[in-house]
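In: no FASTA, just this:
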Ligand SMILES: [Cu+2]
């Protein structure tokens, strides 16, 4: 019986930490990176709109950073290098975003948006000292239609370290 309860608690806490439903939005895979010595950190997740119409991520807040920006990597044609830029907001397409009135009968489907290393991400600007020591942190996400939601992000690969790519913001 103990084992069953333990398994249930484990499953519940795992799901709780890794996925959240907010209205018609599904949020999953929340992780953050806050490395010792780094000025800025980053946070990642996948956002899926299950409703017909799109929503938009328009901001975020975190107590472990001075402020949070929404960033993307833009390729520089001359060098093929990528540079991070602040994009201000991020559209989360709805299930009908890529189809017309007629084709939606067949083509309506979710279009998950993944925030990940080397792509779009949340930038935790000017980390507070505690940020490198915590295993989880709350980040408030602000959506244009769905409003605000506070989500738990887990620390990723703390032990691997290494300076990352978050010092070159212009
Ligand atoms: Cu960035």
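Out: Looks like it came in fine. None of these values were measured; they are calculated from a predicted model.
In: OK, contacts around residue 146?
Out: Contacts for residue 146 (C-beta atoms under 8 Å, 6 or more residues apart in numbering) come out as 22-25, 55. Just so you know, the C-beta spots here come from the backbone N, C-alpha and C atoms, and that holds for glycine as well.
In: Return the residues in contact with residue 85.
Out: Counted by C-beta under 8 Å, 6+ apart, residue 85 has contacts 71-74, 170.
In: a strand runs through it, doesn't it?
Out: Yes - assigned with DSSP: H, G, I helix; E, B strand; the rest coil, residue 85 falls within a strand.
In: which non-adjacent residue is nearest residue 66?
Out: residue 126 (3.7 Å; C-beta to C-beta, 6 or more residues apart in numbering).
In: How many neighbouring residues does that neighbour have?
Out: Residues within reach of residue 126, counting by other C-beta atoms under 10 Å, total 11.
In: so what strands line up beside the host helix or strand of it?
Out: Using DSSP states H and E, residue 126 falls within strand 121-127. Within its sheet, and counting by DSSP bridges, strand 121-127 is paired with strand 41-49 (antiparallel), strand 65-75 (antiparallel).
In: Which element is encountered next along the chain beyond it?
Out: In N-to-C order, the element after strand 121-127 by DSSP H and E is strand 136-143.
In: which ones are touching the residue nearest to residue 66?
Out: Applying C-beta under 8 Å, 6+ apart to residue 126 gives the contacts 39-40, 65-67.
In: let's go with 7 Å and repeat that
Out: Residue 126 makes contact with 39-40, 65-66 under the criterion C-beta atoms under 7 Å, 6 or more residues apart in numbering.
In: the helices in the protein, which residues?
Out: 2-18, 104-107 (DSSP state H).
In: Confidence-wise, which of those is weakest overall?
Out: Lowest mean pLDDT of the helices of the chain: helix 2-18, a mean of 52.
In: quick one on the thing from earlier: out of the strands paired with strand 121-127, the one nearest residue 145 is which?
Out: Across those, residue 145 has its closest neighbour in strand 41-49 (9.2 Å, C-beta to C-beta).
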